[in-house]
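> sequence unknown, structure follows:
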């Protein structure tokens with residue numbers, strides 16, 4: 001009994017320490033975003049911000065972050081839609097195969113996703129150059145789809161495999177085609193998996209930096225991570241504006257994950273346990 005009482009406070013302290021260590025950088029740049037220039041450069045540091053909007057106004061008026069934001073929405077949204085559409089068809093097809101065969105194919109798909117970006121960026125860039133897709137939305141969406149598709153296929157395949165076969169068989173008996181059975185019966189029951197895959201694809205495309213930097217060299221087509229990285233000038237690094245723009249970029253994702261965290265956890269855990 002005493003051991004249990006000792007372990008509980010120790011576990012709580014370790015949890016709080018881990019959470020605090022993880023949140024410290026995030027809370028620091030949030031605090032920096034709402035400081036004034038005087039507070040930002042003060043020595044010793046001032047921890048509590050004045051909740052000034054100075055850096056937000058500068059990020060909008062001087063650095064034009066809204067067009068970066070629009071580009072990110074277009075690229076991340078398009079990537080998510082295309083990936084989920086293709087992953088749904090691929091996952092449904094794999095779910096019809098014997099379990100051992102589908103597992104081998106899924107392992108091959110996931111293995112392809114393990115290659116580092118630096119190893120594949122050369123062929124991707126050359127292909128996009130030949131197609132004339134450099135500095136275009138489709139030129140960035142295409143590699144993003146290729147990189148997010150393996151995880152989405154894996155998640156949806158596991159969900160489709162756990163669907164009762166009797167439901168699909170009943171739909172086929174009632175005159176549905178395979179596609180109609182997928183749309184009318186399987187997809188509504190697989191909503192947690194679809195939502196989980198969509199959220200993960202969107203977050204990846206929203207935060208991706210390396211390919212965005214190489215493919216989108218036109219400032220008018222660059223996404224938020226690339227635009228923020230290019231804020232710094234030759235002699236000055238605008239830390240306040242960078243913090244404000246980072247806050248604008250991160251806040252929607254944090255809010256979205258907090259709102260839908262139960263669906264995300266349900267989607268991941270259900271696929272892992274039942275698949």
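That came in fine, so what should we check first? None of the values given here were measured: they were computed from a predicted structure. Residues are numbered from 1 along each chain as shown.

> what's the helix or strand for the residue nearest the centre of the chain?
Nearest to the mean C-alpha position of the chain, by CA atoms, centre = their mean, lies residue 203 at 1.4 Å. Using DSSP states H and E, residue 203 sits in helix 191-207.

> quick check: buried residues in that helix?
Across helix 191-207, burial judged by 16 or more other CB atoms under 10 Å covers 192-207. From N, CA and C alone the C-beta is placed, and that goes for glycine too.

> cool, and stretch 125-137?
By neighbour count on 16+ other CB under 10 Å, the buried set for stretch 125-137 is 125, 128, 133-137.

> quick one, the helix or strand where residue 245 lies and helix 191-207 angle?
With elements taken from DSSP H and E, the one containing residue 245 is helix 239-259. In terms of direction (axes from the mean of the first three to the mean of the last three CA atoms, to 10 degrees), helix 239-259 departs from helix 191-207 by 170 degrees.

> give the buried residues for stretch 172-181.
176, 181.

> quick one: distance of that stretch to the chain centre.
34 Å (CA atoms, centre = their mean, to the nearest Å).

> contacts only, for residue 125.
Taking CB atoms under 8 Å, 6 or more residues apart in numbering, we find residue 125 in contact with 134, 214-215.

> mind checking which helix or strand it is in?
Residue 125 belongs to helix 117-131, assigned by DSSP H and E.

> chain center to that helix: distance?
Per CA atoms, centre = their mean, the displacement of helix 117-131 from the mean C-alpha position of its chain is 22 Å.

> three-state assignment of residue 25?
helix (DSSP: H, G, I helix; E, B strand; the rest coil).

> format the buried residues of stretch 125-137 as JSON lines; extra columns: pLDDT, distance to residue 110 and secondary structure.
Below are the buried residues of stretch 125-137 laid out as JSON lines (pLDDT from 0 to 100; distance: CB to CB, whole Å; DSSP: H, G, I helix; E, B strand; the rest coil):
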{"residue": "125", "pLDDT": "92", "distance to residue 110": "24", "secondary structure": "helix"}
{"residue": "128", "pLDDT": "94", "distance to residue 110": "25", "secondary structure": "helix"}
{"residue": "133", "pLDDT": "94", "distance to residue 110": "27", "secondary structure": "coil"}
{"residue": "134", "pLDDT": "94", "distance to residue 110": "29", "secondary structure": "coil"}
{"residue": "135", "pLDDT": "94", "distance to residue 110": "31", "secondary structure": "coil"}
{"residue": "136", "pLDDT": "95", "distance to residue 110": "29", "secondary structure": "coil"}
{"residue": "137", "pLDDT": "96", "distance to residue 110": "27", "secondary structure": "helix"}
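
> just curious, which of those is nearest to residue 28?
residue 137 (33.6 Å; CB to CB).

> was I right about that closest one contacting residue 75?
Yes - counting by CB atoms under 8 Å, residue 137 touches residue 75, with 6.0 Å between them.

> leaving out sequence neighbours, find the closest residue to residue 186.
residue 163 (5.6 Å; CB to CB, 6 or more residues apart in numbering).

> correct me, but the one you found touches residue 182?
No - counting by CB under 8 Å, residue 163 sits too far from residue 182 to count as a contact (10.1 Å).

> these two: which is more packed in?
When residue 163 and residue 182 are compared for neighbours, residue 182 comes out ahead with 21 against 18, by other CB atoms under 10 Å.
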